[in-house]
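what's the 3D shape of this:
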Amino acid sequence: MKSGIFQLDWGSIGDAVLMAVLAAVLAAAVTQVSTSGFSLFNADWTLIWHNMANLSVTVAIVTLAKDFLSTSNGSILGVGPSN
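Below is the predicted model of the structure:
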C-alpha cells in the first residue's frame, strides 16, 4: 500500500513486518540447508537467531524507508518517469 511521499500508513508497516519475517526465515533456511553436514541438533541456534534478528531489522528499516520516500505512484522522492 502506498501512502504518499513522507508518510507511512498501517499497510506500509504491515508490509515491512511481513518482508522482515519472510526474509529472515528464507535466509536462515537457505543458509542451513546449504551448510555441509548440517544437523538440527548440533546447530548453533543462538547464532542463527541473532542473524535472523539482524536481517529482519535491516529489511524492515529498508522497506519503511522505501515506502516513506516514495510517492503513491512508486517514484522515489517524486522523481521518475512521467505518465
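
where's the most centrally placed residue in the chain, which helix or strand?
The chain has Val59 as the residue nearest its centroid, 2.9 Å off, counting by CA atoms, centre = their mean. Val59 is part of helix 45-69 when elements are defined by DSSP states H and E.

name the residues that touch that helix?
Residues outside helix 45-69 that contact it (CB atoms under 8 Å, 6 or more residues apart in numbering): 2-3, 5-8, 12-13, 15-17, 19-21, 23-25, 27-28, 31-32, 76-77. Placement of C-beta: from N, CA and C, glycine included.

make it 6 Å
Applying CB atoms under 6 Å, 6 or more residues apart in numbering, the contact partners of helix 45-69 are 8, 12, 16, 19-20, 23-24, 27-28, 76-77.

please identify which helix or strand holds Gly4.
Going by DSSP H and E, Gly4 is not in any helix or strand.

count of neighbours near it?
Number of residues near Gly4 (other CB atoms under 10 Å) recorded here: 13.

was I right to think Gly4 contacts Ser72?
Yes. In this structure Gly4 lies within contact range of Ser72 using CB atoms under 6 Å: 5.2 Å.

and the pLDDT at Thr63?
With respect to pLDDT, Thr63 has a value of 93.

pLDDT weak spots in the protein?
For the chain, residues meeting the criterion pLDDT under 70 lie at 1-3, 81-83.

try it again with 80
1-4, 35-36, 38, 40, 72-75, 78-83 (pLDDT under 80).
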